[in-house]
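Q: Sequence and predicted structure are below.
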Amino acid sequence: MAKAWELTTLANGLRIVTTPLPHTQAVSTSIFVGVGSRSEPASLNGITHFLEHMVFKGTKRRPDAMMVASAIEGAGGTLNAYTNKEFTCYWNIVPYTRFEEAFDVAGDMLLNSLLDQEEIDRERTVVQQELKRNHDNPGAWAGRLIGQSVYGDQPCGRDVGGSVELVERMQRPDFVAHISEWYLPSNIVVSVAGNVAHERVVELATPVFEGLADGELPVVDAYEPSIKGERVVVDSREIDQCSMFLGMPMFGRHDPDRYAIRLVNDVLGAGMSSRLFREVRERRGLAYSVGSGYGYLADAGVFNISAGVNRDRLAETITVCLDEADRMANEPVSEDELRKAKDHTIGRFRLGLETAHSLGQRHGEQLLTRGEIESIDEYVERIEAVTRDEMQRVAQRVINRGASHCSVVGPNLDRDEIAKALG
């Protein structure tokens, strides 16, 4: 079967991947840069995210944020960006008739940002407000705390946005140095998906990016499993409900067990048919929202269970969630559960790739983080190949009550009570 994408690597190492979709009306451009919060020194934690904001603030050709935004939004399109622990992505979506201008905007933003000190001073307040908003959202904050709890005080445990205090100290030379270290062509993937030919994308990209000089990337500190945070992290607030996360350390994104853990997660906590939903919500009425999930880094990950629960049912909910997790490790799933999990997982996977943007995001991220792209058929085959025994083995590998951490944001919290519930 022919590949759904085409790949060209420029002489300086920058990779261009396209996913042609001739029947769509859209083109999505995503530029991935392999730098995130775990790449930062502690004194500059949050600078990658702050820089993501600054790239939208103007270039020599488009000297203010309004000119950058209107070039895309004026065509009916959308532009945005995001930062995580390991990479940054700048993206836009436009009608295919406006692709060339949108691509020019994306390259101009990435390479020619003014980084004006006055704009930095103005935007730092915006970034700080974003950090405060995240803190004020109990569910989001509990989710951030569980990562810090599992990973501890090491680069991969730091918050993507840093802190209000650190953001206050960042100045233009910090951004310039950060770009010079990390925005190297071998650390950049340009992913375009939609109604455009690969040859045209390469033709446009080459003069924009071929002049970038490559260099040696700084070394990113490896995950150190012996470093951990507090097992129980609480943030007591006078609110009505507790937002609770349980977290367990797990393997990274390259591990061959990544297919089995997706099915384990599906059975345990993905959707209204999951064991957690049935036991915690439907049978016991302990929580309105409950589920499980996981997040990968290159060399580590966190498997989590989360719930929103009344304060007086917190300890019981923690115990029930852990009991259900233990059951995944101690008992093989039924053939019927396995089949349903595969159908659900494959169906959600396929439906999540219905747009030019979703395909461009998938292919660009995989090329940056894994060095290769796994086809849809290959992924489906590997999910189908997972057995009940493999699921139980992987559940035993990941689910460990003794290694579990807990974060809670809610009223009148008691660490000892939570620690007892963890067991």
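A: Received, thanks.
Q: thinking F50 is in contact with M170, fair?
A: Yes - counting by CB atoms under 8 Å, F50 touches M170, with 5.9 Å between them. All C-beta spots, glycine's among them, are computed from the backbone N, C-alpha and C.
Q: Those two - which one has more neighbours?
A: Per other CB atoms under 10 Å, whichever of F50 and M170 has more neighbours is F50, with 25 against 21.
Q: The more buried one belongs to a helix?
A: Yes - using DSSP: H, G, I helix; E, B strand; the rest coil, the secondary structure at F50 is a helix.
Q: and it, how far is that from A260?
A: F50 sits 38 Å away from A260, taking CB to CB, to the nearest Å as the criterion.
Q: E100 now?
A: Distance from E100 to A260, by CB to CB: 44 Å.
Q: can you give me the helices in the stretch 251-400 of the chain?
A: Applying DSSP state H, counting those that start in this stretch to the stretch 251-400 of the chain gives helices spanning 258-269, 275-276, 314-330, 335-351, 356-370, 376-384, 388-398.
Q: could I get the ones you listed as a markdown table with mean neighbour count, mean pLDDT and distance to Q154?
A: As requested, the helices of the stretch 251-400 of the chain are exported to a markdown table (neighbours: other CB atoms under 10 Å; pLDDT from 0 to 100; distance: least, CB to CB, whole Å):
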| stretch | mean neighbour count | mean pLDDT | distance to Q154 |
| --- | --- | --- | --- |
| helix 258-269 | 24 | 98 | 23 |
| helix 275-276 | 21 | 98 | 30 |
| helix 314-330 | 20 | 97 | 25 |
| helix 335-351 | 14 | 97 | 32 |
| helix 356-370 | 21 | 98 | 20 |
| helix 376-384 | 14 | 98 | 31 |
| helix 388-398 | 19 | 98 | 20 |
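Q: of all these, which lies closest to A42?
A: helix 356-370 (23.7 Å; CB to CB).
Q: Show me what the closest one is in contact with.
A: Here helix 356-370 makes contact (CB atoms under 8 Å, 6 or more residues apart in numbering) with 4-5, 7, 15, 17, 19, 21, 24, 26-32, 34, 86-87, 89, 91, 93, 189-195, 253-254, 298, 352-353, 372-374.
Q: How about stretch 208-216?
A: Defining contact as CB under 8 Å, 6+ apart, one finds that stretch 208-216 is touched by 10-14, 104, 107, 111, 184-186, 188, 190.
Q: quick one: which two of these are the most distant?
A: Between all members of the contacts of stretch 208-216, the farthest pair (by CB to CB) comes out as D104 and S186, at 22.8 Å.
Q: if we can go back for a sec, reformat the helices of the stretch 251-400 of the chain into a markdown table and put distance to P41 next to each item.
A: Shown next, in a markdown table, are those (distance: least, CB to CB, whole Å):
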| stretch | distance to P41 |
| --- | --- |
| helix 258-269 | 30 |
| helix 275-276 | 39 |
| helix 314-330 | 36 |
| helix 335-351 | 37 |
| helix 356-370 | 22 |
| helix 376-384 | 37 |
| helix 388-398 | 31 |
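Q: I305: which of those helices is closest?
A: Smallest distance to I305 across these (CB to CB): 4.9 Å, for helix 314-330.
Q: name the helices or strands packed onto the closest one?
A: If you count contacts as 3 or more CB pairs under 8 Å, 6 or more residues apart in numbering; DSSP states H and E, helix 314-330 packs onto strand 242-250, helix 258-269, helix 275-276, strand 287-296, strand 301-309, helix 388-398, strand 405-410, helix 415-422.
Q: can I get the CA coordinates of stretch 260-269 in CSV?
A: Only the C-alpha atoms of stretch 260-269 are listed here, as CSV (Å, rounded to 0.1, in the frame of the first residue of the first chain):
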residue,chain,number,x,y,z
ALA,A,260,-1.4,-2.9,25.3
ILE,A,261,-1.5,0.0,27.7
ARG,A,262,-3.9,1.8,25.5
LEU,A,263,-6.3,-1.2,25.7
VAL,A,264,-5.7,-1.5,29.5
ASN,A,265,-6.7,2.2,29.8
ASP,A,266,-9.7,1.7,27.5
VAL,A,267,-11.1,-1.1,29.7
LEU,A,268,-10.3,0.7,33.0
GLY,A,269,-11.3,4.2,32.4
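Q: K342: which of the helices and strands packed on helix 314-330 is closest?
A: K342 lies closest to helix 258-269 among the helices and strands packed on helix 314-330, at 6.7 Å (CB to CB).
Q: Remind me what the closest one packs against, helices and strands.
A: Counting contacts by 3+ CB pairs under 8 Å, 6+ apart, helix 258-269 is packed against helix 275-276, strand 287-296, strand 301-309, helix 314-330, helix 335-351, helix 376-384, helix 388-398.
Q: and the shortest one, what does it pack onto?
A: Applying 3+ CB pairs under 8 Å, 6+ apart, one finds that helix 275-276 makes contact with helix 258-269, strand 287-296, helix 314-330.
Q: Now do stretch 124-140, average pLDDT.
A: For stretch 124-140, the mean pLDDT works out to 97.
Q: Next, the buried residues of that stretch.
A: Neighbour counts over stretch 124-140 (16 or more other CB atoms under 10 Å) mark 124, 127-128, 131, 135, 138 as buried.
Q: cool, and stretch 410-423?
A: 410, 413, 418, 421-422.
Q: rewinding a little: distance to A71 for the helices and strands packed on helix 275-276 - can I get that in a markdown table?
A: Below are those laid out as a markdown table (distance: least, CB to CB, whole Å):
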| stretch | distance to A71 |
| --- | --- |
| helix 258-269 | 39 |
| strand 287-296 | 34 |
| helix 314-330 | 48 |
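Q: coming back round to it: so which of the buried residues of stretch 124-140 comes closest to L338?
A: Taking CB to CB as the measure, P138 is the one of these closest to L338, at 35.3 Å.
Q: distance of the closest one from Y294?
A: Taking CB to CB, one finds P138 at 21 Å from Y294.
Q: Near L353, how many other residues are there?
A: Neighbours of L353 under the rule other CB under 10 Å: 17.
Q: Name the nearest residue to it, sequence neighbours excluded.
A: Take L353 and drop its neighbours on the chain: the residue closest to it by CB to CB, 6 or more residues apart in numbering is L359, 5.6 Å away.
Q: Report the separation between that neighbour and L79.
A: 18 Å.
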